[in-house]
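*Asks:* Quick one, what's the 3D model for this:
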Amino acid sequence: FVQNFQDAYNKEDASAIQVMFTTDGTRIMADGKTTKGAENIAKDYAENFKNANAALILKLSNVMPQFDNSMNVTGTYQVIGTSTTGERISLSGSYDNKLVKDNGQWKLAEVKLGGLVKVIAYTKIADFDKWKTGFDAFRRVRRDAGELTFEVSTLVDDPNTVCVISEWASVEKAKAFFALPELEAHRKKAGATDELHIMYLDKK
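*Replies:* Alright, predicted model coming up:
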């Protein structure tokens, strides 16, 4: 579904996007602007396509089934291109979508677009392979807490200092994860030898 939406956007096919929404679907932009109705949402996209030549890149982070049989789908988006006046376009953010079954097909009932917060967390470790095994074992907890993307590195001149750069929809979600009581016990079990140093970045 995510791939089909990306393809429809990159083909500038507003009609294809319209049928991916429920008739009364809602799209909420990061600035709070809300558009209701699949037809109106498609008109917004069509207007965007007239004003810019841009490509959309969607990354899927998590799919969580809900008790009402809907699906909560989260991830990140990036739009790169140029406007019709030649200005460079480079936008990125998070999405939090609700999908429902409509006549047997998944459709978007609600799209929420938001910002992105980067977090840099680093610590000393005893052994990278042991630490990485523990890090991977905690993946579901990180994902369910709201982690959207992550990358792992070690310092060039110190392989026992590991750094994780992750992206979150909000600083509140990130801080809530790093405050989990079980995180510290898990870190020590994985071989962390000092405290966890955390930096929260606000993109300018």
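*Asks:* what pLDDT does Lys203 get?
*Replies:* Turning to Lys203, the model gives it a pLDDT of 71.
*Asks:* residues contacting it?
*Replies:* Counting by C-beta atoms under 8 Å, 6 or more residues apart in numbering, Lys203 makes contact with 115-116, 118. C-beta coordinates here come from the backbone N, C-alpha and C atoms, glycine included.
*Asks:* Quick check: mean pLDDT of the helix ranked longest in the chain?
*Replies:* Longest helix of the chain, by residue count under DSSP state H: helix 38-51. When pLDDT is averaged over helix 38-51, the result is 96.
*Asks:* What of stretch 119-134?
*Replies:* Rounded mean pLDDT across stretch 119-134 is 96.
*Asks:* and what of stretch 101-111?
*Replies:* On average, stretch 101-111 scores 96.
*Asks:* Flag every buried residue along it.
*Replies:* Buried residues in stretch 101-111, defined by neighbour count with 16 or more other C-beta atoms under 10 Å: 107-111.
*Asks:* How far away from the center of its chain is it?
*Replies:* Put simply, stretch 101-111 sits 20 Å off its chain's centre (C-alpha atoms, centre = their mean, to the nearest Å).
*Asks:* And for that stretch, what's in contact with it?
*Replies:* With C-beta under 8 Å, 6+ apart as the test, stretch 101-111 has contacts from 1, 19-22, 24-28, 69-71, 95, 97-100.
*Asks:* and if we set it to 7 Å?
*Replies:* If you take C-beta atoms under 7 Å, 6 or more residues apart in numbering as the criterion, stretch 101-111 is touched by 1, 20-22, 25-28, 69-70, 95, 97-100.
*Asks:* again, but for stretch 178-195
*Replies:* Applying C-beta under 7 Å, 6+ apart, the set of residues contacting stretch 178-195 is 123-127, 130-131, 134-135, 138, 196, 198.
*Asks:* what's the span of it, first residue to last?
*Replies:* End-to-end distance for stretch 178-195, by C-alpha to C-alpha, to the nearest Å: 12 Å.
*Asks:* before we move on, back to that, quick check: what element follows the longest helix of the chain along the chain?
*Replies:* Toward the C-terminus, helix 38-51 is succeeded by strand 52-65 as the next helix or strand (DSSP states H and E).
*Asks:* Listing partners with orientation, what would you give for that next one?
*Replies:* Take DSSP bridges as the rule and strand 52-65 pairs in its sheet with strand 71-83 (antiparallel).
*Asks:* Quick check: mean pLDDT of the strand it pairs with?
*Replies:* Averaging pLDDT along strand 71-83 yields 96.
*Asks:* Okay, buried residues for it please.
*Replies:* In strand 71-83, counting by 16+ other C-beta under 10 Å, buried: 71, 73-77, 79.
*Asks:* got TSV for those residues, with distance to Arg187 too?
*Replies:* Formatted as TSV, these follow (distance: C-beta to C-beta, whole Å):
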residue	distance to Arg187
Met71	32
Val73	29
Thr74	25
Gly75	26
Thr76	26
Tyr77	31
Val79	36
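*Asks:* other SSEs contacting the helix or strand Leu201 falls within?
*Replies:* Assessed by DSSP H and E, Leu201 sits inside strand 197-202. Identification of packing neighbours for strand 197-202 by 3 or more C-beta pairs under 7 Å, 6 or more residues apart in numbering; DSSP states H and E yields strand 117-124, helix 171-178.
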